[in-house]
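Asker: Curious how this folds, go ahead:
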Amino acid sequence: MKKIWPFSFYFLNFAAFASLLPFFVIFYQGLGFTGTQIGLLTGIPPLITMFAAPFGTGLADSTRRHKLIMSIGLISAVGMALLLPAIKNFAIIFAIIALYNIFMAPVGSLADSATMTMLGEEKAMYGRVRLGGTFGWAIIAPIAGLLVQNYGLNIAFWLFAGIMLLNLLVSLKFDFGKHEDHESSNGGIKELLSNRNWIFFLAAALLAGIGAFSVASYLYPYMAELGATKTQMGFASFLATVTELPIFFFGNRLVKRYGSYPLFIGALALMGIRSLLLAAAFTPFMVYVVQVLGGITFPAMWLAGVSYAEENAPAGLKSTAQGLFGAMSFGFGSAVGGFMGGILLESIGGRSMFFVFGLAILVGLALIEGAKRITTTRAVSQ
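Answerer: So this is what the prediction gives:
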């Protein structure tokens, strides 16, 4: 019975984002914001996440106020969605978006931490619970598109607020386990960062964020270069979502068979290959084929990363560990992918941009693994 609450949370959380996230840039454009202003509104949030996620999760671990911090984040999401449609001023909108991201940053990691706790001896089943998010996005995204088309953009904000409010009630059912004393949130982060293996893991997570966010943000503009229609772009996203299903469902077997870290590194290597294959695509159909690969790589990377953070977090720092993983991948990594992608897309085009990203991921991964083996060998010899 405990599994139903995390599954419901992921379903509602991703359903809410599916109802609004794709329309943010359109909303900004409708207000007449410049490209620079839109860039700030889309590029700054990942940087905020980089700092706010580990701070929020660390604060939750040190104060044992996990539910309170999660509730504040979800309430801020509802408030943001209700306020934004009535505001036209860039500075005020920027402030609201910044505050929303500060408070929402730790929510996803807290949910992962609670889910792992509630699964108990069945932690390997995390993927099947997280599958709720895939269902939520796949079901609500087309519904939200139809609603916006028929009733205007404001309906997306109202739908987001309603779903998040319902998710707030679901989050109250989360269980974060028994109290485990630890010094402080800052001390906890320092302890994790003093671990050599964690440093290498977080460096790899940075590359994962670049690979995931660059495709999520710039696949459509690249497909436009290939002459794809809006329908073809939507189908490409649908393919990636559908192919996530078996990986999330059987993810427990993958983690058990290969181990969390080897699976994480393998998925990251496939991310680099995916970017190179996108660079080699010449038609929308070729992009479809690559998207099937993309649907495999992201869930494998995420499942393995969450499992590794859970397995290697010191006592009392489970949420902090998840927060650091999320901050490096969808904070710093997403920011780098977003900023660099915009520059590369404008200067050398989508094909060359994906080639650069693919090469950077594979070379970076080789350097990380090489450095890890060298330091491990030295430590053993000493």
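Asker: Go through stretch 329-348 and flag the buried ones.
Answerer: 329-338, 340-342, 344-345 (16 or more other Cβ atoms under 10 Å). Every C-beta, even on glycine, is put in place using the N, C-alpha and C of the backbone.
Asker: Also stretch 270-281?
Answerer: For stretch 270-281, by 16+ other Cβ under 10 Å, it's 270-279, 281.
Asker: likewise stretch 354-368?
Answerer: 354-358, 360-362, 364-365, 368.
Asker: How far does that stretch sit from its chain's centre?
Answerer: Chain-centre distance of stretch 354-368: 20 Å, with Cα atoms, centre = their mean, to the nearest Å.
Asker: Of the buried residues of stretch 329-348, which belong to helices?
Answerer: Residues of the buried residues of stretch 329-348 located in helices (DSSP state H): 334-338, 340-342, 344-345.
Asker: Strands of the stretch 1-150 of the chain, start to end?
Answerer: Counting by DSSP state E, counting those that start in this stretch, the stretch 1-150 of the chain yields no residue ranges for strands.
Asker: could you list every residue that touches the most centrally placed residue in the chain?
Answerer: The centre of the chain sits closest to residue 330, judged by Cα atoms, centre = their mean, with a distance of 4.9 Å. Counting by Cβ atoms under 8 Å, 6 or more residues apart in numbering, residue 330 touches 46, 49, 209, 212-213.
Asker: between those residues, which is closest to residue 69?
Answerer: residue 49 (14.7 Å; Cβ to Cβ).
Asker: For the residue nearest to that closest one when sequence neighbours are not counted, give its distance to residue 46.
Answerer: Spatial nearest neighbour of residue 49, excluding adjacent residues (Cβ to Cβ, 6 or more residues apart in numbering): residue 331 at 3.9 Å. Residue 331 is 5 Å from residue 46, where distance means Cβ to Cβ, to the nearest Å.
Asker: any shared contact partners between these two?
Answerer: Common neighbours of residue 331 and residue 46, using Cβ under 8 Å, 6+ apart, are residue 209.
Asker: and this structure, what are its domains?
Answerer: Using automatic domain parsing, the domain ranges for the chain come out as 1-179, 186-382.
Asker: Dump the ones you listed to JSON lines, plus mean pLDDT.
Answerer: As requested, these are exported to JSON lines (pLDDT from 0 to 100):
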{"stretch": "domain 1-179", "mean pLDDT": "86"}
{"stretch": "domain 186-382", "mean pLDDT": "83"}
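Asker: backbone phi and psi for residue 65, please?
Answerer: Per-residue torsions, residue 65: phi -110, psi 50 (degrees, to the nearest 10).
Asker: Any idea how many residues pack against residue 203?
Answerer: Residue 203 has 16 neighbouring residues, counting by other Cβ atoms under 10 Å.
Asker: mind listing what it touches?
Answerer: Residues in contact with residue 203 (Cβ under 8 Å, 6+ apart) are 364, 368.
Asker: in the host helix or strand of it, what's buried?
Answerer: Secondary structure from DSSP states H and E places residue 203 in helix 196-225. By 16+ other Cβ under 10 Å, the buried positions in helix 196-225 come out as 198-223.
Asker: swap in stretch 80-98?
Answerer: So for stretch 80-98, counting by 16+ other Cβ under 10 Å, buried means 80-81, 84, 90, 93, 96-97.
Asker: From these, which land in helices?
Answerer: 80-81, 90, 93, 96-97.
Asker: All the helices of the stretch 151-300 of the chain, residue numbers only.
Answerer: In the stretch 151-300 of the chain, the segments counted as helices under DSSP state H, counting those that start in this stretch are 154-171, 185-193, 196-225, 230-242, 244-249, 251-258, 260-280, 284-312.
Asker: Using CSV, lay out these together with distance to residue 120.
Answerer: CSV is the format used below for these (distance: least, Cβ to Cβ, whole Å):
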stretch, distance to residue 120
helix 154-171, 19
helix 185-193, 23
helix 196-225, 24
helix 230-242, 29
helix 244-249, 19
helix 251-258, 14
helix 260-280, 18
helix 284-312, 12
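Asker: burial of the closest residue to residue 226 other than its chain neighbours, as a residue count?
Answerer: Nearest residue to residue 226, sequence neighbours excluded (Cβ to Cβ, 6+ apart): residue 284, at 5.8 Å. Residue 284 has 17 neighbouring residues, counting by other Cβ under 10 Å.
Asker: correct me, but residue 284 touches residue 222?
Answerer: No: with contact defined as Cβ atoms under 8 Å, residue 284 does not reach residue 222; the gap is 10.3 Å.
Asker: Pick the one among the contacts of residue 330 closest to residue 148.
Answerer: Nearest to residue 148 among those: residue 213, at 23.7 Å, using Cβ to Cβ.
Asker: Check the gap between the closest one and residue 283 for me.
Answerer: For residue 213 relative to residue 283 (Cβ to Cβ), the value is 24 Å.
Asker: cool, residue 360 as well?
Answerer: Residue 360 is 25 Å from residue 283, by Cβ to Cβ.
Asker: repeat for residue 5
Answerer: Taking Cβ to Cβ, one finds residue 5 at 44 Å from residue 283.
Asker: same deal with residue 356?
Answerer: Residue 356 is 21 Å from residue 283, by Cβ to Cβ.
Asker: same question, residue 30
Answerer: 32 Å.
Asker: Check residue 164 too.
Answerer: Taking Cβ to Cβ as the measure, residue 164 and residue 283 are separated by 39 Å.
Asker: Which one's more surrounded, these two?
Answerer: Under the criterion of other Cβ under 10 Å, the comparison of residue 164 against residue 283 puts residue 164 first, with 28 against 13.
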